[in-house]
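Peer 1: Give me coordinates for this.
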Amino acid sequence: MPATPGTPVKQGDRIVSSVEGVAVIILNDGSQLELRPSTDITLDQYTSGGSTPTRVTLASGIVKSAVKRTSGTPANYQVHTPNAIVTARGTAFYTSYTDSSPQTGKLPGVSHYTEVAVLEGTIDLAQASAPASGVEVAQGTTGTVAGGNPPDGHKRKFPTCSPAPTSVDQCKNGGWQQFTCGFKNQGQCINFVKHE
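Peer 2: Coordinates of the predicted model:
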């Protein structure tokens, strides 16, 4: 069924965005999922607090998760892809999955990838077949699970700073230099704003 603003989403529902479509799902605890174009997810399990995690399966595309922190409880949110498990609590991050041909710079012979980029907090990135052997991916960094290979954390992708720029205009006309983020130029500042 076509979604309209206010369409309820229940446990077990599959949500698919079109080539030009985006969707935002707001969970009861205030956590938010943002589906980019051509994304396919299923809300497998939803709980508000407690030890049972909310679980989303990402079949393809990119989903941004902004997970509300629940104090005193273990990690309470997971994104599952065919080859990886991402576990988080009180954080914001992108998860992407593709089963198409490898892109430039990817491993030869590997045709499916899960990639994460953490905007806030930390996540645990694990291979689907070894969920207890994950790596921590921290704020401002990325991680990848390539095919059946172990997870790999990468170098810093986004600078971290406080206070941070909140609009592109703050980066222009040398404004990027006033932030203690370590921006090297105006473009890096603008890229930071767009990803935050």
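Peer 1: residue furthest from the geometric center of the chain?
Peer 2: No residue in the chain sits farther from the centre than N173, which is 31.1 Å out by C-alpha atoms, centre = their mean.
Peer 1: how about that one, secondary structure?
Peer 2: coil (DSSP: H, G, I helix; E, B strand; the rest coil).
Peer 1: among the helices and strands of the chain, which has the poorest mean pLDDT?
Peer 2: Least confident helix or strand of the chain, by mean pLDDT, DSSP states H and E, is strand 152-156 with a mean of 72.
Peer 1: How about the backbone phi and psi for the residue farthest from the centre of the chain?
Peer 2: phi 50, psi 40 (degrees, to the nearest 10).
Peer 1: Tell me how far it lies from K184.
Peer 2: Look at N173 and K184: by C-beta to C-beta, to the nearest Å, they are 16 Å apart. Every residue, glycine included, has its C-beta placed from N, CA and C.
Peer 1: what's the residue nearest the centre of the chain in contact with, if anything?
Peer 2: Most central in the chain under C-alpha atoms, centre = their mean is Y94, positioned 1.8 Å from the mean C-alpha point. The contact partners of Y94, by C-beta atoms under 8 Å, 6 or more residues apart in numbering, come to I62, V63, K64, S65, V116, A117, L119.
Peer 1: Inside strands: which ones of those residues?
Peer 2: I62, V63, K64, S65, V116, A117, L119 (DSSP state E).
Peer 1: From those residues, list the buried ones, please.
Peer 2: Neighbour-count burial (16 or more other C-beta atoms under 10 Å) applied to the ones in strands among the contacts of Y94 gives I62, V63, K64, S65, V116, A117, L119.
Peer 1: of all these, which comes closest to D169?
Peer 2: L119 (20.4 Å; C-beta to C-beta).
Peer 1: The residue lying closest to that closest one once chain neighbours are set aside: how many residues sit nearby?
Peer 2: In space, L119 comes closest to A92 once its chain neighbours are excluded; the distance is 4.4 Å by C-beta to C-beta, 6 or more residues apart in numbering. Using other C-beta atoms under 10 Å, A92 has 20 neighbouring residues.
Peer 1: how close does A92 sit to K10?
Peer 2: A92 is 24 Å from K10, by C-beta to C-beta.
Peer 1: What residues sit buried inside the helix or strand containing D44?
Peer 2: Assigned by DSSP states H and E, D44 belongs to strand 40-45. Buried residues in strand 40-45, defined by neighbour count with 16+ other C-beta under 10 Å: D40, I41, T42, L43, D44.
Peer 1: With stretch 127-138 instead?
Peer 2: For stretch 127-138, burial by neighbour count (16+ other C-beta under 10 Å) applies to Q127, G134, V137.
Peer 1: again with stretch 184-196
Peer 2: Buried positions in stretch 184-196, judged by neighbour count with 16+ other C-beta under 10 Å: Q186, C189, I190, N191, F192, V193.
Peer 1: coming back round to it: closest one of the buried residues of strand 40-45 to L58?
Peer 2: I41 (5.3 Å).
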